[in-house]
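Novice: predicted model and sequence below, questions to follow.
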Amino acid sequence: MRRAIYRSHGGPDVIEIEELALPVPGPGQALVRVAAAGVNFFDTQARSGLYARPLPAVLGTEGAGTVEAVGPDVTEVAPGDRVVWILAPGSYASHVVVPIARIALLPDFIDFGAAAATFYQALTAHYLGCSTYPLKEGDVALVHSGAGGVGMLLTQIAKIRGATVISTVSSPSKVDAARDAGADHVIVYTGEDFAARASDLTGGRGVDVVYDAVGLETYEKSMEALRPRGMLVLYGEASGVVPPFDVRKLLAAGSIYVTRTGLDSYITNRAELLERADEVFAWMKDGGLRQTIGARYSLDETAKAHTALESRASIGKILLAP
């Protein structure tokens with residue numbers, strides 16, 4: 001098998017491709033041949049050292065492919081099954097061992113590329129819009145990174161649940177992508193005060209929730225954009241980590257709520273994973289949930305894929321095709 005690793009923290013140039021013998025799945029595991037792997041900001045942040053790991057470290061956590069072997073007593077999947085998975089380290093590879101708790105059978109109507117492009121980010125968008133702050137008819141949500149993978153899916157879920165969506169994007173070139181995802185209003189936040197605009201769009205009330213994966217550049221204005229007792233949901237830090245701050249700011253902003261979330265806390269067992277997956281697959285079948293594939297790279301082009309994602313100029317999901 002071949003896989004992408006890094007032996008030191010740094011830029012995309014630290015990524016190497018290594019060859020090694022095929023692993024043997026153990027209890028509760030499946031060996032999968034990878035057809036497509038998703039590229040996420042978390043991967044670039046781990047490589048850079050923002051999330052330090054013991055070195056050398058493998059890259060990738062999600063993908064889609066075909067089961068080649070299963071461990072002892074595994075009955076949930078079998079060799080030949082088409083599957084999609086999340087949170088399986090080492091997914092930038094020709095083969096990967098996946099915990100059964102993180103794997104789902106892939107419906108026939110979804111191809112490997114669409115699955116790898118959608119599953120992780122759709123589950124993220126699902127918990128954000130259905131659990132962390134459960135959107136409902138009449139809510140107004142501000143979605144940062146509205147032309148990104150999660151942002152476009154979250155916008156679609158918000159519209160399915162009856163909310164109004166104000167999207168922000170980093171450049172005018174991304175406005176159309178955010179609108180195509182269903183955003184009611186789009187703000188280029190690098191050139192306009194999005195908190196002031198959100199206030200105008202809500203008649204001075206403020207939005208019910210802000211979903212923010214940008215982090216350092218936006219979190220203060222995100223709090224300012226909220227209505228009293230609104231919620232800021234931080235789920236990433238593409239521009240940098242939010243620093244510690246005086247919690248009395250929450251009172252001054254109208255007794256608002258701030259939370260930092262992660263997908264693993266919302267799929268604590270396979271039953272919860274499959275419950276979310278079933279709803280995501282149903283929306284994909286009905287056409288209510290769709291993802292844009294921004295670019296595809298080979299495993300040998302992993303460094304180029306990271307460079308493209310970190311430029312923040314990409315639209316939609318970046319994939320590796322091992």
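Specialist: That came through fine. Residues are numbered from 1 along each chain as shown.

Novice: would Leu309 count as being in a strand?
Specialist: No: under DSSP: H, G, I helix; E, B strand; the rest coil, Leu309 falls outside any strand and is assigned helix.

Novice: what sits against it?
Specialist: Residues near Leu309 by Cβ atoms under 8 Å, 6 or more residues apart in numbering: 39-41, 44, 318. Where you see a C-beta, it was placed from the backbone N, CA and C, and this is true even at glycine.

Novice: if we use 7 Å, what do you get?
Specialist: 39, 41, 44, 318 (Cβ atoms under 7 Å, 6 or more residues apart in numbering).

Novice: over to Leu250?
Specialist: So Leu250 contacts 256, 258 (Cβ under 7 Å, 6+ apart).

Novice: at 10 Å instead, please
Specialist: 223, 226, 232, 256-258 (Cβ atoms under 10 Å, 6 or more residues apart in numbering).

Novice: so it lies in a helix, does it not?
Specialist: Yes: counting by three-state DSSP, Leu250 is part of a helix.

Novice: how close does it sit to Arg227?
Specialist: For Leu250, the distance to Arg227 equals 13 Å [Cβ to Cβ, to the nearest Å].

Novice: pull the longest strand along the chain out as CSV, backbone CA atoms only.
Specialist: In the chain, with assignment by DSSP state E, the single longest strand is strand 29-39. This file holds the C-alpha atoms of strand 29-39, laid out as CSV (Å, rounded to 0.1, in the frame of the first residue of the first chain):
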residue,chain,number,x,y,z
GLN,A,29,-12.0,-3.1,11.9
ALA,A,30,-12.2,-3.3,8.1
LEU,A,31,-9.4,-3.0,5.5
VAL,A,32,-10.7,-0.7,2.7
ARG,A,33,-9.3,0.0,-0.8
VAL,A,34,-9.6,3.8,-1.0
ALA,A,35,-11.3,5.2,-4.2
ALA,A,36,-11.4,8.8,-3.0
ALA,A,37,-10.2,10.6,0.1
GLY,A,38,-11.4,14.0,1.4
VAL,A,39,-9.0,16.9,2.1
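
Novice: return the subset of the contacts of Leu309 lying in strands.
Specialist: Counting by DSSP E, the contacts of Leu309 contribute 39, 318 to strands.

Novice: could I get the average pLDDT for stretch 15-35?
Specialist: Average pLDDT, stretch 15-35: 97.

Novice: list the buried ones in it?
Specialist: Buried positions in stretch 15-35, judged by neighbour count with 16 or more other Cβ atoms under 10 Å: 15, 17, 25, 29-35.

Novice: next: stretch 55-63.
Specialist: 57-63.

Novice: for it, measure first residue to last.
Specialist: This stretch, stretch 55-63, spans 23 Å end to end (Cα to Cα, to the nearest Å).

Novice: next one: stretch 76-84
Specialist: Note: stretch 76-84 ends 13 Å apart using Cα to Cα.

Novice: could you do stretch 146-165 as well?
Specialist: This stretch, stretch 146-165, spans 10 Å end to end (Cα to Cα).

Novice: quick one: contacts for the spatially most central residue of the chain?
Specialist: The residue lying closest to the centre of the chain (Cα atoms, centre = their mean) is Gln121, at 3.5 Å. Taking Cβ under 10 Å, 6+ apart, we find Gln121 in contact with 38, 40, 62, 86, 148-154, 263, 280, 291, 316-317.

Novice: please apply the same query to Gln156.
Specialist: 122, 125, 129, 165, 181-183, 283, 288-291.

Novice: that one - that's part of a strand, no?
Specialist: No: checked against three-state DSSP, Gln156 lies outside a strand; its state is helix.

Novice: what about the residue nearest to the centre of the chain, distance to Val96?
Specialist: 19 Å.

Novice: how is the protein carved up into domains?
Specialist: 2-119+267-320, 137-260 (automatic domain parsing).

Novice: re the thing from before, as CSV, the buried residues of stretch 15-35 with distance to Ala177 would be great.
Specialist: What follows is the buried residues of stretch 15-35, written out as CSV (distance: Cβ to Cβ, whole Å):
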residue, distance to Ala177
Ile15, 28
Ile17, 31
Pro25, 39
Gln29, 38
Ala30, 35
Leu31, 37
Val32, 31
Arg33, 32
Val34, 27
Ala35, 25
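
Novice: out of those residues, which one sits closest to Val210?
Specialist: Val210 has its nearest neighbour among these in Ile15, at 33.4 Å by Cβ to Cβ.

Novice: so whichever helix or strand Ala122 is part of versus strand 29-39, what angle?
Specialist: For Ala122, the enclosing helix or strand under DSSP states H and E is helix 112-127. Per axes from the mean of the first three to the mean of the last three Cα atoms, to 10 degrees, the angle that helix 112-127 makes with strand 29-39 is 90 degrees.

Novice: how about helix 112-127 as PDB, C-alpha atoms only?
Specialist: The C-alpha coordinates for helix 112-127 follow below in PDB (Å, rounded to 0.1, in the frame of the first residue of the first chain):
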ATOM      1  CA  PHE A 112     -17.300   7.200  -4.500                       C
ATOM      2  CA  GLY A 113     -16.400  10.800  -5.400                       C
ATOM      3  CA  ALA A 114     -19.700  12.300  -4.200                       C
ATOM      4  CA  ALA A 115     -19.500  10.200  -1.000                       C
ATOM      5  CA  ALA A 116     -15.900  11.300  -0.200                       C
ATOM      6  CA  ALA A 117     -16.800  14.900  -1.000                       C
ATOM      7  CA  THR A 118     -19.900  15.000   1.100                       C
ATOM      8  CA  PHE A 119     -20.000  12.600   4.000                       C
ATOM      9  CA  TYR A 120     -17.700  14.100   6.600                       C
ATOM     10  CA  GLN A 121     -18.800  17.700   5.900                       C
ATOM     11  CA  ALA A 122     -22.500  16.800   5.600                       C
ATOM     12  CA  LEU A 123     -22.400  15.100   9.000                       C
ATOM     13  CA  THR A 124     -20.700  18.200  10.400                       C
ATOM     14  CA  ALA A 125     -23.300  20.400   8.800                       C
ATOM     15  CA  HIS A 126     -26.000  18.100  10.100                       C
ATOM     16  CA  TYR A 127     -25.000  18.200  13.800                       C
END
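
Novice: many thanks, we can stop here.
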